[in-house]
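*Asks:* below is the sequence, then the predicted model.
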Amino acid sequence: MGFFATLCIVQIIVPAHRVAGRETLALGLETLALGLETLALGPETSALGLETLALGLETLALGLETLALGLETLALGLETLALGLETLALGPETSALGLETLALGLETLALGLETLALGPETSVLGLETLALGLETLALGPETSALGLETSALGLETLALGLETLALGPETSALGLETSALGLETLVLGLETLVFGLETLVLGLETLVFGLETLALGPETSALGLETSALGLETLALVLETLVLGLETLVFGLETLALGLETLALGPETSALGLETSALGLETLAFTFKRLSSGRRSGLVEVSSPSLLSTADWLVQILRGPTHRTVRLSETPAHSSSTMDTTAGSDQSGPTTLRTSRGLRNHSRLRTEYQ
């Protein structure tokens, strides 16, 4: 304010012919005022420059942080790429595991089919054994009838001996021999009757075994069906594991492509890299979980060693019952005649009955007595 008042006083005092000088002086004063204002603006500009400098330093620090974040994202992209490669390598291993499980399922299915085929064979064997039991059972009454006939023959021979004994002192020796022959024949009949009863018991036992073997056939067939069902379930599990391996392989390729994209994105994809890493870890855990569940599957081996012993016992039975040979003999010095008979249905050995020469004239003496 004092500066402008002084200027007004100078304009009043200065003469008119110095107007141009005054204007020039006024212009200089205005320029001086402008310079002073500009000089006052300098500290403000300096302060603004300092603020701008601080902002630049902050921007530089932010740039360094962004650069560090970019390096971290680059490292994360490399880790994601490595995870993608590992997941890609895990796919063929899972596929190989699926193929091994498939082979195991096929073997189990083949075992089930073999066991299923064993059921009808066992049923046929049971029917054959049942037929053998019925035949043996029918053989018992025949043998019993043979024993009764032999016993009747012994009684007739004994009666003949008694009749011959009654002929007198001359035929006493012949009567005694004939009586002995009758007793021997009676004993033979009784033994044949006992053998018939034993054969009947053997037939009943064979019949029971045939029924048991016949009942074993449906059980073996049911076991074959269960084994076949197990084979089909194992085959389905194999197919699921194989599909899982293919899905894991495809997911590994997708993860590899995602890692390459994440690696190319740089600092701006840090959040995406973190999400991809989390997704890769979840995928790895899911794959290990499914692989562990696939490895816990097992085989069911089916074996029946009792069938071998059953087959051996049946072979022994099919050879036929053991034939018994009864030999009754009396060896006087003058014996010269023999008679053969058989026990059972097989002529396995002779039964020799020796008598005296007087037996030759048996019919003649009986005629004379009558």
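*Replies:* The structure has been received and is ready for your questions.

*Asks:* got a list of what the nearest residue to S144 once chain neighbours are set aside touches?
*Replies:* Leaving aside its sequence neighbours, S144 sits nearest to G196 (C-beta to C-beta, 6 or more residues apart in numbering; 3.6 Å). In short, each C-beta sits where N, CA and C put it, glycine included. Residues counted as contacts of G196 (C-beta atoms under 8 Å, 6 or more residues apart in numbering) are 140-147.

*Asks:* make it 6 Å
*Replies:* Contacts for G196 (C-beta atoms under 6 Å, 6 or more residues apart in numbering) come out as 140, 143-144, 147.

*Asks:* and it, what helix or strand is that in?
*Replies:* Element membership for G196 (DSSP states H and E) is helix 172-265.

*Asks:* tell me the mean pLDDT for the longest helix belonging to the chain?
*Replies:* Longest helix of the chain, by residue count under DSSP state H: helix 19-165. Confidence over helix 19-165 (mean pLDDT, whole number) is 78.

*Asks:* again with stretch 224-239
*Replies:* Mean pLDDT, stretch 224-239: 84.

*Asks:* can you count the residues close to the closest residue to T255 other than its chain neighbours?
*Replies:* Among residues not flanking T255 along the chain, G84 sits closest, at 4.1 Å (C-beta to C-beta, 6+ apart). For G84, the tally of surrounding residues (other C-beta atoms under 10 Å) stands at 23.

*Asks:* from L260, how far off is G84?
*Replies:* Here G84 is placed at a distance of 8 Å from L260 (C-beta to C-beta, to the nearest Å).

*Asks:* any figure for the gap between A75 and L81?
*Replies:* A75 is 11 Å from L81, by C-beta to C-beta.

*Asks:* who has more neighbours out of those two?
*Replies:* Regarding A75 and L81, a neighbour count based on other C-beta under 10 Å identifies L81 as having more, with 17 against 11.

*Asks:* any weak-confidence spans in the stretch 201-350 of the chain?
*Replies:* By pLDDT under 70, the low-scoring segments of the stretch 201-350 of the chain are 259, 262-263, 265-280, 283-284, 287-288, 291-292, 294-350.

*Asks:* and E149, how many neighbours?
*Replies:* Neighbour tally, E149, other C-beta under 10 Å: 13.

*Asks:* dump the residue contacts of the closest residue to it other than its chain neighbours.
*Replies:* For E149, ignoring the flanking residues on the chain, the nearest one in space by C-beta to C-beta, 6+ apart is G189 at 7.7 Å. Residues in contact with G189, defined by C-beta under 6 Å, 6+ apart, are 147, 150-151, 154.

*Asks:* and of these, the nearest to L249?
*Replies:* G147 (83.3 Å; C-beta to C-beta).

*Asks:* how about the contacts made by that closest one?
*Replies:* 189, 192-193, 196.

*Asks:* got a markdown table for those residues, with distance to E205 and pLDDT too?
*Replies:* Listed next are the contacts of G147 as a markdown table, based on distance: C-beta to C-beta, whole Å; pLDDT from 0 to 100:
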| residue | distance to E205 | pLDDT |
| --- | --- | --- |
| G189 | 25 | 83 |
| T192 | 20 | 86 |
| L193 | 19 | 84 |
| G196 | 15 | 82 |
